[in-house]
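A.B. asks: Here is the input, now give the coordinates:
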Amino acid sequence: MPELVLWDIDHTLMATRGLGRALWAAAFEQVTGVPLREQASVTGSTERVILRETARLHGVGYDEALFTRFADALGAEHVRRAAELRERGHALPGAVEALAALDERGVRQSVVTGNVRRAAEVKLAAFGLDSCLRLDEGAYGEDGEGRPELLRLALTRANVSPGKAVFLGDTPADVAGGREAGVRVIAVATGRTPASGLRDAGADAVLEDLSDTARALAVIGP
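C.D. replies: Okay, the predicted model is just below:
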């Protein structure tokens, strides 16, 4: 087994069934005063990049102060609507079981996500996914712009070398980021990209989903 397993969140461990966009839109209008008409592509990106590009689409100036206000507002929206999140969203099949099985084997786990940390914490708690994760060893949307940067930071926080870590995500951006950071990448085809596309992106292994815990453990710790 690896020393550290790092997880992407959205479409790898959970699905929010469209509520995430609604919360994002509310936070965007709150800090800019402009209703959201169009959101920049979110797949495999980070909140910092998404906000900057979405602000540009709306003719809104971007700076670090805007991102800080937005991150606070987005986290607060998740807290305020946590009950709705639990009702509409769900943990993906096998996610809870995979986390628990790795924890039972003494494997350290955390997350690498484009979500701002408060939003990530609320979502993980809402679906019972947080108890096995060392969230202080993860990396979040406040911490950088791309997956490689976030992965390197998580490895530093956990004091683990790339060769002793595994990253699980659902997008080609996750795969590319993991490869650039030097970690083994297992892609999970529960997002928008099919298994074939994740293989073509260069994933070291691909799982259709996490529903078969034994299979997932075998791939994570070959």
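
A.B. asks: Tell me where the model's unsure across this structure.
C.D. replies: 222 (pLDDT under 70).

A.B. asks: How many residues are close by the closest residue to residue 164 other than its chain neighbours?
C.D. replies: Spatial nearest neighbour of residue 164, excluding adjacent residues (CB to CB, 6 or more residues apart in numbering): residue 3 at 4.1 Å. For the C-beta atoms, the positions are set from N, CA and C on the backbone; glycine is no exception. By the criterion of other CB atoms under 10 Å, residue 3 has 15 neighbours.

A.B. asks: give me phi/psi at residue 3?
C.D. replies: As for residue 3, its main-chain torsions (degrees, to the nearest 10) stand at phi -80, psi -30.

A.B. asks: Likewise for residue 125?
C.D. replies: phi -70, psi -40.

A.B. asks: One more: the one 3 residues further on?
C.D. replies: Note on residue 128: backbone dihedrals following degrees, to the nearest 10 are phi 70, psi 30.

A.B. asks: Now do the same contact list for residue 188.
C.D. replies: With contact set as CB atoms under 8 Å, 6 or more residues apart in numbering, residue 188 has these partners: 12, 168-170, 206-210.

A.B. asks: and the residues you listed, which are buried?
C.D. replies: 12, 168-170, 206-207, 209-210 (16 or more other CB atoms under 10 Å).

A.B. asks: surely residue 145 meets residue 48?
C.D. replies: Yes: Residue 145 is within contact range of residue 48, at 5.6 Å (criterion: CB atoms under 8 Å).

A.B. asks: Between those two, which has more neighbouring residues?
C.D. replies: Taking other CB under 10 Å, residue 145 and residue 48 do not tie; residue 48 has more neighbours (22 against 15).

A.B. asks: Would you mind giving the buried ones among the contacts of residue 188 as a markdown table with distance to residue 42 and secondary structure added?
C.D. replies: Output for the buried ones among the contacts of residue 188, formatted as a markdown table (distance: CB to CB, whole Å; DSSP: H, G, I helix; E, B strand; the rest coil):
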| residue | distance to residue 42 | secondary structure |
| --- | --- | --- |
| 12 | 14 | coil |
| 168 | 19 | strand |
| 169 | 14 | strand |
| 170 | 12 | coil |
| 206 | 22 | strand |
| 207 | 22 | strand |
| 209 | 21 | coil |
| 210 | 22 | coil |
